[in-house]
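In: Sequence and computational prediction follow.
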Amino acid sequence: MGEKVSGNLMIIGGNEDKEGECLILKEFFKLAGGREARIVLITTASEFPRELGDIYRTLFLDFGARTAAVLYIDDRESANDLHLTEDIDQATGVFFTGGDQLRLTSILGGSQVDAAIRRCYQQGNIIAGTSAGASVMSDTMIVEGDSNESAQKSTLAMAHGMGLLEEVVIDQHFAQRGRINRLLSAVAQNPFVLGIGIDEDTALVVSDNATGKVIGSKTVTIVDGKHIIHSNISESNLHDPLAITNIRLHILPSGFGFDLKRRMPFTCNS
């Protein structure tokens, strides 16, 4: 089994509070160093990178961050611009905004910016992502899937993610968009992989010891298929409903955590 994680991650389910208490974003600011934080924002996934970048940049500067720089990377050429990697090499925190996760991986994958992000991560700095920015953190990511159908093979399209978190697949906007069936389908295809579904305005903060703690207003759902006794995923036709037995499901609100190596939930005050 791999180490699962080699740095610190904040995986946000999307639509986090930006106008009220801003609990999740303030926690990222704190983990990035508080008033000494040097934050880099990557808006590559978004259709509206400048507008979204301005929103987050203003928030982090208002919190008191030392710097907050937005990197506008919209093609492979800019992803290999060494001038952009300088900001990342100096960063104490990197934040991926939402949008299209396949756009993120196809533009950044294997680039100089990608390498700089990995250096930042391996040095122990916090890497955060919301919505699509959350999905890319795992080694396998869901890029398309019907949330309204019963669990079946045809509901999913998956691709390689950034691989910052190993042996998991992440889904976001989870309860709000009814995505339990597509996460079950993903886990049925490889029961060794943990499924992590994160609700809006909720985050799983994963430390380098492979434990994650839930923060925010809603819940994180963990789908553990390691003990599945029977599944018809390999025999069923594309549109046939799946049969899965003896799957484990954990629903974790704030105050709970999950040990990714031991596959065990815990209370954060224990």
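Out: Now that the structure is in, tell me what you want to look at.
In: Residue 201: what's it in contact with?
Out: 13, 15-17, 24, 216-218 (C-beta atoms under 8 Å, 6 or more residues apart in numbering). No exception for glycine: its C-beta is placed from N, CA and C like everyone else's.
In: Got phi/psi on the closest residue in space to it that isn't next to it in sequence?
Out: Excluding its sequence neighbours, the residue lying closest to residue 201 (C-beta to C-beta, 6 or more residues apart in numbering) is residue 217, at 4.7 Å. Per-residue torsions, residue 217: phi -90, psi -10 (degrees, to the nearest 10).
In: any idea whether the residue lying closest to residue 91 once chain neighbours are set aside is helix, strand or coil?
Out: Take residue 91 and drop its neighbours on the chain: the residue closest to it by C-beta to C-beta, 6+ apart is residue 40, 4.4 Å away. Following DSSP: H, G, I helix; E, B strand; the rest coil, we place residue 40 in the strand state.
In: Using neighbour counts, trim the contacts of residue 201 to the buried set.
Out: 13, 15-16, 24, 216-218 (16 or more other C-beta atoms under 10 Å).
In: tally of neighbours for the residue nearest to residue 91?
Out: Residue 40 has 27 neighbours, counted by other C-beta atoms under 10 Å.
In: For beta bridges, what are the partners of it?
Out: Note on residue 40: beta-bridge partners residue 69, residue 94, judged by DSSP bridges.
In: again, but for residue 203
Out: For residue 203, the beta-bridge partners are residue 12, residue 215 (DSSP bridges).
In: For it, give me the pLDDT.
Out: At residue 203, the predicted lDDT confidence score is 98.
In: same check, this time on residue 235
Out: pLDDT for residue 235: 84.
In: what secondary structure does it sit in?
Out: Residue 235 - assigned by three-state DSSP - is coil.
In: residue boundaries of the helices in the stretch 1-150 of the chain?
Out: 23-31, 49-63, 76-79, 82-90, 101-108, 112-122, 132-135 (DSSP state H, counting those that start in this stretch).
In: helices or strands next to the longest one in the packing?
Out: Spelled out, that is helix 49-63. helix 23-31, strand 38-42, strand 67-71 (3 or more C-beta pairs under 8 Å, 6 or more residues apart in numbering; DSSP states H and E).
In: Give the buried residues for it.
Out: 49, 52-53, 55-57, 59-60, 63.
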